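Novice: 3D, please:
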Amino acid sequence: MFISGLGGIAFFCLPAKRNHGYTAIFQPVSRPGVIWMEATPVRPPTPQFEEFDPVDIQREAAMFYGLFLRGQPVESLRRDIEIPRQMFEKWLSHPCYDGHFRDNVKRIYHFRRKVLAVFEELVDQARLEARIQ
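Specialist: Alright, predicted model coming up:
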């Protein structure tokens, strides 16, 4: 393996017939008989679901809690918040939806589950306070 530098760019020279599992991250630069590879930075994998801003979750849950305080039935609000599991699986398995759509669906699904958990906590607290009084 030969390593040389040119203007701050590192080049790796690998024999043409050897397969090193890591060569897929390099871009080929042509030269007869030898494969020249230009090193490209590899991004670390991003977490599948980065943490959501807690304020956004609380704000959305507070909106539904406000509807609850105005007399909306709790079960109706739960159905509005929650994405049914069957619908979630249908969106993920549909062949016409691309990867970006599926990633967004997963993000929304996990966000709404957190909103539902905060909403449930607010409703339980309201019921507990009503019982104490």
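
Novice: Check which residues of the host helix or strand of Val105 are buried.
Specialist: Assigned by DSSP states H and E, Val105 belongs to helix 99-132. Neighbour-count burial for helix 99-132, counted by 16 or more other CB atoms under 10 Å, picks out 105, 109, 111-112, 114-116, 118-119, 122-123. All C-beta spots, glycine's among them, are computed from the backbone N, C-alpha and C.

Novice: likewise stretch 84-93?
Specialist: For stretch 84-93, using 16+ other CB under 10 Å, the buried residues are 88, 91.

Novice: neighbouring contacts of it?
Specialist: Contacts with stretch 84-93, where a contact means CB atoms under 8 Å, 6 or more residues apart in numbering, come from 97, 101-102, 105-106, 109.

Novice: Just give me the closest of these to Glu129.
Specialist: Among the contacts of stretch 84-93, Tyr109 lies closest to Glu129 (CB to CB), at 30.9 Å.

Novice: Correct me if wrong, but Arg79 is in a helix.
Specialist: Yes: using DSSP: H, G, I helix; E, B strand; the rest coil, the assignment for Arg79 is a helix.

Novice: pLDDT on stretch 126-133, on average?
Specialist: When pLDDT is averaged over stretch 126-133, the result is 82.

Novice: Quick one: residues contacting Tyr97.
Specialist: 91, 105.

Novice: Distance-wise, check Ala117 relative to Pro54.
Specialist: Using CB to CB, to the nearest Å, Ala117 is found at 12 Å from Pro54.

Novice: Grab the CA positions of stretch 93-109 and hand them over as CSV.
Specialist: Provided in CSV are the C-alpha atoms of stretch 93-109 (Å, rounded to 0.1, in the frame of the first residue of the first chain):
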residue,chain,number,x,y,z
SER,A,93,-44.5,-1.3,4.0
HIS,A,94,-46.1,0.6,1.0
PRO,A,95,-43.8,0.1,-2.0
CYS,A,96,-44.3,3.6,-3.5
TYR,A,97,-43.1,5.5,-0.4
ASP,A,98,-39.4,6.3,-0.5
GLY,A,99,-36.9,6.2,2.3
HIS,A,100,-37.2,9.8,3.3
PHE,A,101,-40.9,9.5,3.8
ARG,A,102,-40.4,6.4,5.9
ASP,A,103,-37.8,8.2,8.0
ASN,A,104,-40.3,11.1,8.5
VAL,A,105,-43.1,8.7,9.5
LYS,A,106,-40.8,7.1,12.1
ARG,A,107,-39.9,10.4,13.5
ILE,A,108,-43.5,11.6,13.7
TYR,A,109,-44.6,8.3,15.2
